[in-house]
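Asker: dropping a prediction and its sequence here:
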Amino acid sequence: MMLSWPAEWLDLLIDTICRLPWPADSFLTHDANVRGLIATLVVCLICGAMGSLVVGNRMAFFSDALAHCAFAGVAFGLLVTMLAGATDDQQVRQYITVIMISFGIAIGLLIAFVREQTGLASDTVIGVFYAGSIGIGAVVMSLAQSRRLFSIEDFIFGNPTTAGNEQVVWLLLLAIGAAIFLAFMYNWLILASVSPSLALSRQVPVRLCRYLFIVLLALMINLSQQITGALLINGLLIVPAAAAANLSGNLRQMFWLSILFALMVGLLGNVLSWEISNALLNRASGGFFARGAVIGISGTVIVLSVLVFVASVVLGRWLRRAG
């Protein structure tokens, strides 16, 4: 209820955009497309901003593990709602969301804590929690499918066009929170990743920064992948930042290029997915591609991200030779 007025404002904005004089039946004339585009761009903005830190801190596997650990969070959410006797689908989804986010934050912090206490390699600790979370989720998969509230395909690939107004509002609030966090903590996080000993000597709370970043990362992953899927989340966190690293001379350039690349592929991915799907819908039957086939937004965005990365490798090599 507390998000009712922002959701109504967002609905008004979407309706206004759809009523603009676009060509008939074009991408922006459908409210689901506009809402999905806004959701995707907000996720791209957050992922682009945080991606440089994820890549710089060598946390690619960590973020991937958090994305897939949400699978177990959903499983726990279903069990809790069953034990609580919840029957309303909307209420069950709300419980699942809260439990999934809480579980993701707990797993992220626990991975960092166990790594500190045991001295094991990061990939080893992450692999243990990754396997355990997937196993827990698999145990209750039949239960999840029977409730028809959770789909493996939606979990992996997502569908931004099914986003609701409140989900988009939560993403916008998260983007604001991430911007505030990075405005105050970005330099500390960079220093801690480059030289932890130097950061400690300058009274930087390295451990606190690390744990707060993990909490923000878990929040972003769990809130976003309900809309965009685990595949798109990790792809948007890593690939644009990796492409930016190939073309950047310093961390500031990498930060802004990562955001630019993420927003670019998010926008193009939504539009191209719609246009290609429409072309397949209107084509004659027969041939290799099925008539009426739908091209997923997440897959399109990831393919574009990889193409940008490949282009950055070629261009970066050329620039280094020219310089």
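Answerer: Yep, it's here. Numbers count the residues shown, from 1 in each chain.
Asker: and G119, what does it touch?
Answerer: Not one residue lies near G119 by CB atoms under 8 Å, 6 or more residues apart in numbering. Glycine gets a C-beta too; all of them are placed from N, C-alpha and C.
Asker: start at 19, not 1
Answerer: Let's use 19 as the start, then, which means that last one is G137.
Asker: which residues does P223 contact?
Answerer: Counting by CB under 8 Å, 6+ apart, P223 touches W206.
Asker: quick one, phi psi at it?
Answerer: phi -70, psi 80 (degrees, to the nearest 10).
Asker: could you check the distance from it over to A210?
Answerer: 9 Å (CB to CB, to the nearest Å).
Asker: cool, A83 as well?
Answerer: The gap separating A83 from A210 is 21 Å, by CB to CB.
Asker: and if you look at R270?
Answerer: 17 Å.
Asker: higher neighbour count, those two?
Answerer: A210 (23 against 12; other CB atoms under 10 Å).
Asker: that one against V222, yeah?
Answerer: Yes. Contact criterion CB atoms under 8 Å: A210 and V222 qualify, at 6.1 Å.
Asker: which other helices and strands contact the helix or strand where F279 lies?
Answerer: Using DSSP states H and E, F279 maps to helix 269-300. For helix 269-300, the packing partners by 3 or more CB pairs under 8 Å, 6 or more residues apart in numbering; DSSP states H and E come out as helix 49-74, helix 224-265, helix 315-340.
Asker: now do the longest one: which elements does it pack against?
Answerer: In terms of contacts (3+ CB pairs under 8 Å, 6+ apart), helix 224-265 is packed against helix 49-74, helix 78-102, helix 107-136, helix 170-175, helix 183-212, helix 214-219, helix 269-300, helix 315-340.
Asker: so which bits of the third one are buried?
Answerer: The neighbour-count criterion (16 or more other CB atoms under 10 Å) identifies 110-111, 113-115, 117-119, 121-123, 125-126, 129-130, 132-133 as the buried residues of helix 107-136.
Asker: kindly report the same for the fifth one.
Answerer: Within helix 183-212, the residues that qualify as buried are 183, 185-190, 192-193, 196, 199-200, 203-204, 206-211, counting by 16+ other CB under 10 Å.
Asker: if we can go back for a sec, the helix holding F279 to helix 183-212, inter-axis angle?
Answerer: 140 degrees (axes from the mean of the first three to the mean of the last three CA atoms, to 10 degrees).
Asker: what residues sit buried inside helix 269-300?
Answerer: 269, 272-273, 275-285, 287-292, 295, 298.
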